[in-house]
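Colleague: what follows is a predicted protein model with its sequence.
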Amino acid sequence: MDREHPADLRAELDRTRGELEAIAAVGQAVRATRDIDALYPIIAAQLQRVLPLDALFISLFFADRAIVRFVYQLDQGVADTTPEDWPLARANLSRRVIEERGVVRIADLTLFRTKSNLTRFGSDRDTRAWMAAPMLAGDEVQGVISVQSYDVDIYDERHERLLLLIAGQIGVAVENARLVGQLRGTIAELASDLTHEHERQARLQYEFNMARRIQSEFLPTESPSIAGAVLYYHTQAATEVGGDFYQFVSLPDGGMAVAVGDVSGKGMPAALIMAAVCSLLPTLATLYRTPAAVLSALNGQLYARMRRNRMNVAICYMLVAPGAGAMLLANAGMPFPVRRRGGVWADVEAGGLPLGVLPEASFAEHRLDCAPSDQILLYSDGLIESRNAQGDLFSFDRLYHTLDDHAPNDAQLVIRALRAAWRDFSGGNLDDDMTILVVQIDDI
């Protein structure tokens, strides 16, 4: 029985130890290094320790684009990290490794009709032996690592196993690097989206604050004094600035102009239209004697601006005569006023199109002769269109039920009863501004 020479055993042990150390060094580098580009020189150095090679190439495979990207080349001791993309169809040897998902070993490339398409530096000597392994992560090929030699048939099965082990470690590292890159990209997109959202929210908050400021500056803060009558109102703004408004204008003859309105839309555009209406009303109320004339003039002044912004204004305009013996009103798109006389509530069927619908609009007028204790209710649709948790509307029916059964003969208490009914129904949630106004006749 032949016994292996001690020197041969020692050489085999040294070779095995070197291979294990190379595998361990690559594994340690993979675990310790987050920058995949920093791994390539380490891999090249370890492979040079354990494999006979004159050139080494590392390439990444992008299946979605069908390209092979060479990211690291070591040829005759000179490293090149300039990326170079090859269509998979042209990278013949790499394509074979990718398709077979296993080691490809060629004893002599000069026996092939075409030379290796992997060398970029060029050389005075042709590449002879060639071997490559796929960098696998699970079943997915992440890339290819190949080694070349100027000697013929220098690689064997042991070299194949060693290259495959090291390539497998690199494959996992490449997949992790890609996942980290995707995650970073996603995080960057989310951060960018979040920044844009913060900026958008800041702009919205600024617009909200400005619209609220405009709204508050143009709306009265106290009930006016009317000879022969009392007026009380309540207004409540939704979270988003709406277009509810109200105005009281004392007239030279001792009468009072009362207006309740609602600008379509929300935010700054609605606030600006509302500001324009409130600015014009005092002047128009003193220039024109009738509600119809005031609304026609207001429509003429604002029509172009409203059409440009695709908005309209609903408004009920009411004149309380000196001494409150009569009222004259015109309604442009607001809910019908409701009148209480002799303890009975009934609609004042006064309607019309909102301002901004037609360039030249006319409005019907309604005269109400008043008696002591009569009440006139004006309100915006924010009340009747409020919803509960089930999505049901407060509705006209609930409004009339509240007025008939729970509203006493007192203007302030009427408003309190409506607010309580609304709050019990909706839970206090308001989708649109809500305005309630009651004029009550006292002494004539």
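Modeller: Thanks, I have it.

Colleague: how about the helices in the stretch 251-400 of the chain?
Modeller: In the stretch 251-400 of the chain, the segments counted as helices under DSSP state H, counting those that start in this stretch are 267-287, 291-308, 381-384, 395-406.

Colleague: most packed of the ones you listed?
Modeller: helix 381-384 (a mean of 21; mean count of other C-beta atoms under 10 Å). (Each C-beta comes from the backbone N, C-alpha and C, glycine too.)

Colleague: what does that helix contact?
Modeller: 236, 238, 242, 244, 262, 314, 334-335, 393-396, 398-399, 418, 422, 430-436 (C-beta atoms under 8 Å, 6 or more residues apart in numbering).

Colleague: returning to what we had before: identify whichever of the helices of the stretch 251-400 of the chain lies nearest to residue 77.
Modeller: helix 267-287 (69.0 Å; C-beta to C-beta).

Colleague: the closest one to helix 291-308, inter-axis angle?
Modeller: 150 degrees (axes from the mean of the first three to the mean of the last three C-alpha atoms, to 10 degrees).

Colleague: mark out where each domain of this structure begins and ends.
Modeller: 12-186, 219-441 (automatic domain parsing).

Colleague: what distance separates the start and the end of the shortest one?
Modeller: Right, the one you point to is domain 12-186. Start and end residues of domain 12-186 are separated by 50 Å (C-alpha to C-alpha, to the nearest Å).

Colleague: how close does the residue nearest to residue 370 when sequence neighbours are not counted get to residue 224?
Modeller: Excluding the flanking residues, the one nearest residue 370 by C-beta to C-beta, 6 or more residues apart in numbering is residue 441, at 4.6 Å. Residue 441 is 15 Å from residue 224, where distance means C-beta to C-beta, to the nearest Å.

Colleague: out of those two, which sits in the more crowded spot?
Modeller: residue 441 (25 against 17; other C-beta atoms under 10 Å).

Colleague: that one contacts residue 226, doesn't it?
Modeller: No - the pair residue 441 / residue 226 is not scored as a contact, 9.5 Å apart, by C-beta atoms under 8 Å.

Colleague: who touches both of the two?
Modeller: Shared contacts of residue 441 and residue 226, defined by C-beta under 8 Å, 6+ apart, are found at residue 324.

Colleague: where does the stretch 101-250 of the chain dip in pLDDT?
Modeller: 112-125, 181, 183, 207-208, 211, 214-215, 239-242 (pLDDT under 70).

Colleague: helices along that one, start to end?
Modeller: Ranges of helices in the stretch 101-250 of the chain, per DSSP H, counting those that start in this stretch, are 157-218.

Colleague: and residue 294, what does it touch?
Modeller: When contacts are counted by C-beta under 8 Å, 6+ apart, residue 294 touches 257, 281, 284-285, 288, 317, 330.

Colleague: for those, give me TSV that also has pLDDT and distance to residue 17.
Modeller: Shown next, in TSV, are the contacts of residue 294 (pLDDT from 0 to 100; distance: C-beta to C-beta, whole Å):
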residue	pLDDT	distance to residue 17
257	95	103
281	91	97
284	93	101
285	93	103
288	91	106
317	97	100
330	96	103
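
Colleague: now, among those, which is nearest to residue 297?
Modeller: residue 284 (5.1 Å).

Colleague: so that closest one is in contact with residue 297, correct?
Modeller: Yes - with contact defined as C-beta under 8 Å, residue 284 counts as touching residue 297 (5.1 Å).

Colleague: one step back: between the contacts of residue 294, which sits nearest residue 48?
Modeller: Residue 48 has its nearest neighbour among those in residue 281, at 89.9 Å by C-beta to C-beta.

Colleague: show me the contacts for that closest one.
Modeller: Taking C-beta under 8 Å, 6+ apart as the criterion, residue 281 is in contact with 247, 249, 257, 259, 294, 298.

Colleague: kindly recompute the last result at 7 Å.
Modeller: 247, 249, 259 (C-beta atoms under 7 Å, 6 or more residues apart in numbering).

Colleague: quick one: average pLDDT of stretch 75-84?
Modeller: Stretch 75-84 shows a mean pLDDT of 88 in the predicted model.

Colleague: relative to the whole chain's centre, how far out is that stretch?
Modeller: 46 Å (C-alpha atoms, centre = their mean, to the nearest Å).

Colleague: can you pull the buried residues of it?
Modeller: Within stretch 75-84, the residues scored as buried using 16 or more other C-beta atoms under 10 Å are residue 75.

Colleague: begin at 42, not 1, for the rest of this chat.
Modeller: Yep, numbering from 42; the last one is stretch 116-125 now.

Colleague: what is the end-to-end distance of it?
Modeller: 15 Å.
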